[in-house]
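# Attaching a predicted model along with its sequence, questions to come.
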Amino acid sequence: MISDYEKSVNDLANKDASFQFENKGANHARIVVSAILNSSKNIVYMYSGSLSSDVTDDEDFLKTLDDFLDKEITFKLLLDDIPKESEQSEALKKVLDASTNAHVIVKKISKEAKKFLKDTEHFIVADQKAYRYETDAKEYKALCNFNDEELSKQLIELFTRAFDLCEYYIKPNA
C-alpha cells in the first residue's frame, strides 16, 4: 500500500500536478518530502521541529537527502530545536555537516520569530510551487501540492520574515 502511495506521489511530482492532497503519518511525510527534494531545481525552504528521526531516519530518505545536498541547490532550514549531537537524527547531522557550504543555511528559531509563526505548523516549499504544509504536526497531517504558486508564495513570505529574525546556526562559507 505504501508503494502505491509513493508511486502516486512521485507521478504528481514528475507531472508538476496542480492537485492538492492530504497526507498523514511519518511514512507519508517521508514520501512527500522526498518527492519534493527530488523534484526541486532551485531553492527549498523548510521549517521543521528538528528533522525528526520518525520521518527522516530511513535509508531511502537519507539517500534522497544526500543526492539533494550534492546538487548544491539552495536549502534554507529553520528549526524549532537543534538537539545535542547524540540526540540528532541522521538527517539533521547530514544537513548540519553540509551547512558549512554556502548553499545550505540552517537557523534555529528565535523567540521573536516563534511569536511571529505562532500558529504555523511545519512546512517545506520548493521552487516557489511545491509544498507540504502540516496542519497537525503530532500526527504529521499535511496539505500537499506540487504546483501551487499562490500558497507557496505565502509560505515563502512567512518563512522569509521568520528566517530573517533568526541567527545562523553555522555561518556558511561564502
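That came through fine. Bear in mind that the values here come from a model prediction, so they are computed numbers and not experimental data.
# Which strands or helices does the strand or helix carrying Asp11 pack on?
Assigned by DSSP states H and E, Asp11 falls within helix 2-14. The contact analysis (3 or more Cβ pairs under 8 Å, 6 or more residues apart in numbering; DSSP states H and E) places helix 2-14 against helix 26-39. C-beta here means a position set from N, CA and C on the backbone, and glycine is covered the same way.
# The helix it packs on versus helix 2-14: what angle between them?
Orientation of helix 26-39 against helix 2-14 (axes from the mean of the first three to the mean of the last three Cα atoms, to 10 degrees) gives an angle of 30 degrees.
# Give me the helices and strands touching helix 26-39, please.
For helix 26-39, the packing partners by 3+ Cβ pairs under 8 Å, 6+ apart come out as helix 2-14, strand 21-23, helix 53-56, helix 59-70, strand 123-126, strand 130-136, strand 141-145.
# what residues are up against Asp136?
Glu121 (Cβ atoms under 8 Å, 6 or more residues apart in numbering).
# check contacts around the closest residue to Glu149 other than its chain neighbours.
Among residues not flanking Glu149 along the chain, Lys129 sits closest, at 5.1 Å (Cβ to Cβ, 6 or more residues apart in numbering). For Lys129, the contacting residues are Asp16, Phe146, Asn147, Asp148, Glu149, Ser152, by Cβ under 8 Å, 6+ apart.
# let's see it at 7 Å
Contacts for Lys129 (Cβ atoms under 7 Å, 6 or more residues apart in numbering) come out as Asn147, Asp148, Glu149, Ser152.
# closest to Ser34 out of the helices and strands packed on helix 26-39?
Taking Cβ to Cβ, helix 59-70 is the member of the helices and strands packed on helix 26-39 nearest to Ser34, at 4.5 Å.
# what's the angle from that closest one to helix 2-14?
Relative orientation of helix 59-70 versus helix 2-14 (the same axes, to 10 degrees): 20 degrees.
# Identify the residues contacting helix 59-70?
Under the contact criterion Cβ under 7 Å, 6+ apart, helix 59-70 has outside partners Arg30, Ser34, Leu37, Asn38, Glu90, Ala91, Lys94, Ala98, Val104.
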